[in-house]
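S.K.: dropping the sequence and predicted coords here.
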Amino acid sequence: MFRLIQSQRFKRVLFLVDRRSLGEQALGSFEDTRINGDTFNSIFDIKGLTDKFPEDSTKIHVATVQSLVKRTLQSDEPMPVGRYDCIVVDEAHRGYILDKEQTEGELQFRSQLDYVSAYRRILDHFDAVKIALTATPALHTVDIFGEPVYRYTYRTAVIDGYLIDQDPPIQIVTRNAQDGVYLSEGEQVERLNPQGELINDTLADDQDFEVADFNRGLVIPAFNRAVCGELTKYLDPTGQQKTLVFCVTNAHADMVVDELRSAFKKKYPQLEHDAIIKITGDADKDAKKVQSMIVRFNKERLPNIVVTVDLLTTGVDIPSICNIVFLRKVKSRILYEQMKGRATRLCPSVGKTSFKIFDCVDIYSSLESVDTMRPVVVRPQVELQTLVNEITDSETYKTIEADGRSFAEHSHEQLVAKLQRIIGLATYSRDRSETVDKQVRRLDELCLDAAGVNFGGLALRLREKGPHWSAEIFNKLPGFIARLERLKTDINALRDAPIFLDIDDEVVSVKSLYGDYDTPQDFLEAFDALVQHAPNAQPALQAVINRPRDLTRKGLVELQEWFDRQHFEESSLRSAWKATRNEDIAARLIGHIRRAAVGDALKPFDERVDHALARIKAENDWSDEQINWLDRLAQALKEKVVLDDDVFKTGNFHRRGGKPMLQRTFDDNLDSVLDKFSDYIWDELA
């Protein structure tokens, strides 16, 4: 919308929703979204749900279908047809529901056909361009707006890293759900009236109930009790990962809330009452209260488990929802996908790498054939290495699956999705763990060298290039999968909750472990011996020792990998030096190599760079612009250790014109400046 208005393509946009909660969510997004440092609603005059008519200066007006019906179709003074020149319709599939209770504004219309009719009349009233947004197009959506002009599927979004993949559903089956319930003609039964009272009745016909009828035509409290008891084995109402439970009716939702509270109280005696609540459109018939409860579910720790009927089936974004529970069997593929869609949002802050579905009513098997949101990772237990092996095996390209794609393409798709999970969680976890951060930085270097992108962009690049190209990349990266498995282990260690025991303890020994070496001194001596006795083991090792200016980024990465395989990691070298010398020196791997090989003093690498910078500045009468660039080069060296042409193709250097710009700045003497940095960093005075 920003570009449409900024380019003056449109003067005023109507953002049309069919629920107040979606309108409030849109207005909240306008407040949070920043463009060039300014919030969206500070750039444009935006009118909200309580504003009946836009002003001349209004650029965006958020309104509900129901309010537009009153102002346009039921008013003596209808709105001018030219009031808006663009209408953006959010959740444009609405009007599809075959098996839902009408809620909120839909109660104003006598039937679904009335709703669609009013919906279409509103759109037709205005002489405006209509843009429809929906994840699940319905037949009437195509009738009103025509065929989609752009499709972006759930599977594609998962592989691209914009949505979360789902695990295979966990099916919970009770005896009654499996066998069904048969009642004979003339049998005495009790019926539950709308007031919650039981009345006696005699069946006029035989009746056969399946699980789809449970809590609709047949209420079995023991079914709900058994299912809720089983859910306590999987859900944690005290954690950050949230759960959404879909029920049949409001009465059923009340029953499930009671059963869940009772079941979880046995496991968590101190569980707060508000940890499990109901949110439906029937909540006191108060739209503001409903919106407040949705905000609480999204923003606050409690509630953790929310039970609903269909209020939260569409449009509402609560990223921390990690579990979807189906206690209601629906017939509509669209409604089913919308329900599942509540859990697809990214949320690495709660450790979310996928979401779980608990199927208590056999919904998955019923709708699987028409479900467009099937998991990308259909073999969740398959190892990464297995998928890599499959895309590197030429025979897998000859095996064609039912959808016309090769087995290798399927394996490649699943590999990309698994990588995207790891990348998403690693990006979040690196700020919480030096170990994870170090591994990600090393993976960045490997990926840049092999694939031309950092670790964060690897999955998208693999998806873009396809399985053949991906196979070549993995052939260039021996040991890469093992490195990913170590990363997964370290990330999972951050997520495991500790066991609390109130017992005494005391410290009896403190020491660091250095692999096969008993002491840090033994570790350093072994490192020194390796450097001194194997100087030709790596070409880059010779460059570090004899001519540092010849060291490339590629050579540095290979060197770091080689020492890692010998179990001499940079962090361990720093720790061992501190333990033996009482000096904490961030000398980098190169510093330790030169100390062992040529006897250089061990000094912080940043200090060496500062010395080189000062010496270079003293050699010439540099301009202010050149001094600024020298400072930037020094900072880049501190971060990357080695600067080569690839460094100037990314980040701030690229945005400021890249290497050609620097060459002009230094009168075509940039290479000489870089050589001086390399030499002066390691001169004897440093």
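M.R.: Yes, it's here. Just so you know, these numbers come straight off a predicted model, no measurement behind them.
S.K.: can you count the residues close to G180?
M.R.: 13 (other C-beta atoms under 10 Å). Every C-beta, even on glycine, is put in place using the N, C-alpha and C of the backbone.
S.K.: thought it was touching Q207?
M.R.: No: contact criterion C-beta atoms under 8 Å: G180 and Q207 do not qualify, at 10.6 Å.
S.K.: over to the nearest residue to L203 once chain neighbours are set aside: give its phi and psi.
M.R.: Among residues not flanking L203 along the chain, E187 sits closest, at 4.9 Å (C-beta to C-beta, 6 or more residues apart in numbering). When read as degrees, to the nearest 10, the backbone of E187 gives phi -70, psi 140.
S.K.: look up how far D528 lies from E187.
M.R.: From E187 across to D528, the span is 89 Å (C-beta to C-beta, to the nearest Å).
S.K.: tally of neighbours for F15?
M.R.: Neighbour number of F15 under other C-beta under 10 Å is 24.
S.K.: wait, it touches I60, no?
M.R.: Yes: F15 lies in contact with I60 (C-beta under 8 Å); the separation is 6.0 Å.
S.K.: any residues in contact with both of these two?
M.R.: By C-beta atoms under 8 Å, 6 or more residues apart in numbering, F15 and I60 have these common neighbours: M1.
S.K.: which stretch of helix or strand covers the residue lying farthest from the centre of the chain?
M.R.: Distance from the centre of the chain peaks at G186, with 56.0 Å (C-alpha atoms, centre = their mean). Here G186, judged by DSSP states H and E, is contained in no helix and no strand.
S.K.: check contacts around it.
M.R.: By C-beta under 8 Å, 6+ apart, G186 lies in contact with T202, L203.
S.K.: got a pLDDT number for it?
M.R.: Note on G186: pLDDT of 82.
S.K.: measure it to D393 for me?
M.R.: Taken as C-beta to C-beta, the span from G186 to D393 is 66 Å.
S.K.: measure G161 to I321 for me?
M.R.: G161 is 18 Å from I321, by C-beta to C-beta.
S.K.: same deal with P520?
M.R.: 48 Å.
S.K.: over to R20?
M.R.: R20 is 20 Å from I321, by C-beta to C-beta.
S.K.: okay, the two: which has more neighbours?
M.R.: I321 (26 against 18).
S.K.: residue contacts, that one?
M.R.: K242, T243, L244, R342, A343, R345, F355.
S.K.: those residues: which two are farthest apart?
M.R.: Greatest spacing in the contacts of I321, by C-beta to C-beta: T243 and R345 (14.4 Å).
S.K.: neighbour count winner among those two?
M.R.: T243 (26 against 17).
S.K.: make sure that one is indeed in a strand.
M.R.: Yes: according to DSSP: H, G, I helix; E, B strand; the rest coil, T243 belongs to a strand.
S.K.: and it, what are its bridge partners?
M.R.: Counting by DSSP bridges, T243 forms beta bridges with I305, N323.
S.K.: K603: what secondary structure?
M.R.: Classified using three-state DSSP, K603 is coil.
S.K.: ok, now the one 4 residues further on?
M.R.: On the three-state scheme (three-state DSSP), E607 is labelled helix.
S.K.: let me see the confidence value for it.
M.R.: pLDDT for E607: 92.
S.K.: residues near it, how many?
M.R.: 15.
S.K.: F145 - nearest residue in space that isn't next to it in sequence?
M.R.: Closest residue in space to F145, ignoring its immediate chain neighbours: A132 at 4.3 Å, by C-beta to C-beta, 6+ apart.
S.K.: quick one, phi psi at that neighbour?
M.R.: With angles defined as degrees, to the nearest 10, A132 sits at phi -100, psi 130.
S.K.: does it touch C86 like I think?
M.R.: No: taking contacts as C-beta under 8 Å, A132 lies outside contact range of C86: 12.0 Å.
S.K.: list the residues that contact D431.
M.R.: D437.
S.K.: how is it assigned, secondary-structure-wise?
M.R.: coil.
S.K.: separation between it and Y364?
M.R.: Taking C-beta to C-beta as the measure, D431 falls 37 Å from Y364.
S.K.: repeat that for L123.
M.R.: With C-beta to C-beta as the criterion, L123 and Y364 are 35 Å apart.
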